[in-house]
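Enquirer: Based on what follows, work out the 3D shape:
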Amino acid sequence: MLAAFKEVLLPYLVYLTVLLAFVIGLTRRAEVPVFLYAVLAPLPTLWYPTQGLPLGKDTMDLLIVSALIGGWVRRPPGSPAAPQLKFVLLLIGVSYLAVWNVSLRYGLPIALTRDNPVLGNWKNYAMMMLLYVVVFNAIQTRQQVQTLTMIFISVLLFMVWRELSGFVAGESFSYGRRANGPFWIVGLNANHFGAFIAHYAVFALGMYAVDTHKWRRRLYLLTFAGSLYPLFYSYSRGAYVAVLAALLVLGLVRWRLLLVLLAIFMFTWTTVLPDSVVDRINTTESEDGDLEESAAMRLVVWDLAERLFKEHPGFGVGFDGFWYASDGLSLRNTHNYYLQTAAEQGLIGLLLLAALFFKGAKSGWRLYREGDSDFFKAMGLGSVVCVTAVMVTNVFGDRFSQLELGSYFFMLLGMVDRARQISQSESAAPPEGEAALAAPAHGAPSA
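Expert: Alright, predicted model coming up:
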């Protein structure tokens, strides 16, 4: 019965809910499609089956467009523009020029038609970056910021619960037995799932370190603690390193005791971690003593990426260009997003990527230091450690440009800047009593 509901009725229910949210976002409340998008984006097993229905392939785009138009039209008078609006538009513009670059370089159809095989990927990438602006405009109040943040935490907890209840790890590491989460349906693997868990588990822990609300703190701690199971059994070494880096930052900023615990862990990890996890961390060679096949192939693609960057240092070979440049290789992915960016968008792309991470961390830090509530301060610190984790996981592969992985990142940046704007505007406003004293009585002449 449950299986029939999931396979037959659930896609229609999700589809109708998206259409309803689309209408509500356009006509009344722009935050509604944002909330629904936050629920669906990292759970493709819910929205991907709707693709066979009319407009089903545009399910997520409909929510973004609805919130974008609705939020822009119904902005309060005098509402400031998103602080990073020009920068995000620059990112989108440069990436579109990179689509033209790859199209001309490899003889693809012009970047104005769906016949261009790269344009669809770019559209998803651009829409994902646009989420920063969407969230900043659609989310206007303190309560809405809090609601969207708790949706993030709740979705992560749901994913964790699904793995705890449905995945059983083996006694030793096996490529065929890894926690994949809900991402398998869109062709992503356990490394992507582990990265997502790492990004937002440390966000929850950062929130726990500052927020003083009793029940929210329990939810944060439960989410982080539960995340350790799917994190370990995703067997993603990049995710492991990302969490350690984020904990190091958290220890330096907030919890000095955490630094001591990390130092102890570095000497005892082979004892305290599950045997299969230790086995995975130590697996770098095949049975004959050579580098395992995936590690050996990574050296090949890294050399190719480096060569492409040296040959085209300014603007690279274009968006998704590494796929075409690596024709004939068994591995068509750089397994390092920074090398991929260098090869595909050159020095310009690398500088923009570095600026994006710097701006994200800076906004989070300022909110942590200047937020007018414990919740906003907690968001700020959580976003700083989240950006740290994102920066690290991308050393090990592209854990950034997929809608399922990257949407929360840009939404979080929009939330942080909105929280900063709320804090600044409310702290600058005079207290209600003082405002009443300052205003002349109705009908009385002013001084």
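Enquirer: mind listing what's buried in the longest helix anywhere in the chain?
Expert: Using DSSP state H, we find that the single longest helix of the chain is helix 337-370. Neighbour counts over helix 337-370 (16 or more other Cβ atoms under 10 Å) mark 337-346, 348-350, 352-353, 356-357, 359-361, 363-368 as buried. Quick note: C-beta positions are derived from backbone N, CA and C, even for glycine.
Enquirer: ok, now stretch 274-284?
Expert: Under the neighbour-count criterion of 16+ other Cβ under 10 Å, stretch 274-284 has 276, 277, 278, 279, 280, 283 buried.
Enquirer: What of stretch 239-249?
Expert: Neighbour-count burial for stretch 239-249, counted by 16+ other Cβ under 10 Å, picks out 239, 240, 241, 242, 243, 244, 245, 246, 247, 249.
Enquirer: Let's have those in JSON lines, adding secondary structure, pLDDT and distance to residue 151.
Expert: Listed next are the buried residues of stretch 239-249 as JSON lines, based on DSSP: H, G, I helix; E, B strand; the rest coil; pLDDT from 0 to 100; distance: Cβ to Cβ, whole Å:
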{"residue": "239", "secondary structure": "helix", "pLDDT": "96", "distance to residue 151": "22"}
{"residue": "240", "secondary structure": "helix", "pLDDT": "96", "distance to residue 151": "27"}
{"residue": "241", "secondary structure": "helix", "pLDDT": "96", "distance to residue 151": "28"}
{"residue": "242", "secondary structure": "helix", "pLDDT": "97", "distance to residue 151": "23"}
{"residue": "243", "secondary structure": "helix", "pLDDT": "97", "distance to residue 151": "22"}
{"residue": "244", "secondary structure": "helix", "pLDDT": "96", "distance to residue 151": "27"}
{"residue": "245", "secondary structure": "helix", "pLDDT": "97", "distance to residue 151": "26"}
{"residue": "246", "secondary structure": "helix", "pLDDT": "97", "distance to residue 151": "21"}
{"residue": "247", "secondary structure": "helix", "pLDDT": "97", "distance to residue 151": "25"}
{"residue": "249", "secondary structure": "helix", "pLDDT": "97", "distance to residue 151": "25"}
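Enquirer: between those, which is nearest residue 385?
Expert: Distances from residue 385 to these, taken as Cβ to Cβ, are shortest for residue 246 (4.2 Å).
Enquirer: Return the residues in contact with that closest one.
Expert: Residue 246 makes contact with 198, 202, 205, 206, 385, 386, 388, 389, 392, according to Cβ atoms under 8 Å, 6 or more residues apart in numbering.
Enquirer: how about a cut-off of 6 Å?
Expert: Listed by Cβ atoms under 6 Å, 6 or more residues apart in numbering, the contact partners of residue 246 are 202, 385, 388, 389.
Enquirer: Mind putting the residues you listed into JSON lines with pLDDT and neighbour count?
Expert: Formatted as JSON lines, those follow (pLDDT from 0 to 100; neighbours: other Cβ atoms under 10 Å):
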{"residue": "202", "pLDDT": "98", "neighbour count": "28"}
{"residue": "385", "pLDDT": "98", "neighbour count": "30"}
{"residue": "388", "pLDDT": "98", "neighbour count": "25"}
{"residue": "389", "pLDDT": "98", "neighbour count": "30"}
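Enquirer: Show me those residues that map onto helices.
Expert: Taking DSSP H as the definition of helices, the contacts of residue 246 contribute 202, 385, 388, 389.
Enquirer: These: which two are farthest apart?
Expert: 202 and 388 (7.5 Å).
Enquirer: Can I get the buried residues of stretch 274-284 in TSV including secondary structure, distance to residue 125 and pLDDT?
Expert: Listed next are the buried residues of stretch 274-284 as TSV, based on DSSP: H, G, I helix; E, B strand; the rest coil; distance: Cβ to Cβ, whole Å; pLDDT from 0 to 100:
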residue	secondary structure	distance to residue 125	pLDDT
276	helix	35	84
277	helix	33	87
278	helix	37	86
279	helix	36	85
280	helix	31	83
283	coil	33	71
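Enquirer: ok, residue 83 touching residue 418?
Expert: No - here residue 83 does not reach residue 418: they are 9.7 Å apart, not a contact under Cβ atoms under 6 Å.
Enquirer: If you count surrounding residues, which of these two has more?
Expert: Per other Cβ atoms under 10 Å, whichever of residue 83 and residue 418 has more neighbours is residue 418, with 25 against 19.
Enquirer: In three-state terms, label the more buried one for me.
Expert: helix (DSSP: H, G, I helix; E, B strand; the rest coil).
Enquirer: before we move on, back to that, now do the longest helix of the chain, average pLDDT.
Expert: Average pLDDT, helix 337-370: 97.
Enquirer: Can you tell me how far residue 351 is from residue 87?
Expert: 12 Å (Cβ to Cβ, to the nearest Å).
Enquirer: who touches both of these two?
Expert: Common neighbours of residue 351 and residue 87 (Cβ under 6 Å, 6+ apart) do not exist.
Enquirer: who touches residue 313 in this structure?
Expert: Residues in contact with residue 313, defined by Cβ under 6 Å, 6+ apart, are 346, 347.
Enquirer: what's the nearest residue to residue 314 if we skip its chain neighbours?
Expert: Of all residues not flanking residue 314 in the chain, residue 346 sits nearest, at 4.9 Å (Cβ to Cβ, 6 or more residues apart in numbering).
Enquirer: count of neighbours near residue 215?
Expert: Counted with other Cβ under 10 Å, residue 215 comes out at 7.
Enquirer: Per-residue pLDDT of it, please?
Expert: The per-residue pLDDT reported for residue 215 equals 95.
Enquirer: Output the contacting helices and strands for the host helix or strand of it.
Expert: Element membership for residue 215 (DSSP states H and E) is helix 214-233. When contacts are defined as 3 or more Cβ pairs under 6 Å, 6 or more residues apart in numbering; DSSP states H and E, helix 214-233 packs onto helix 142-166, helix 190-210.
Enquirer: Dump those to a markdown table, plus distance to residue 21.
Expert: Below are the helices and strands packed on helix 214-233 laid out as a markdown table (distance: least, Cβ to Cβ, whole Å):
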| stretch | distance to residue 21 |
| --- | --- |
| helix 142-166 | 13 |
| helix 190-210 | 23 |
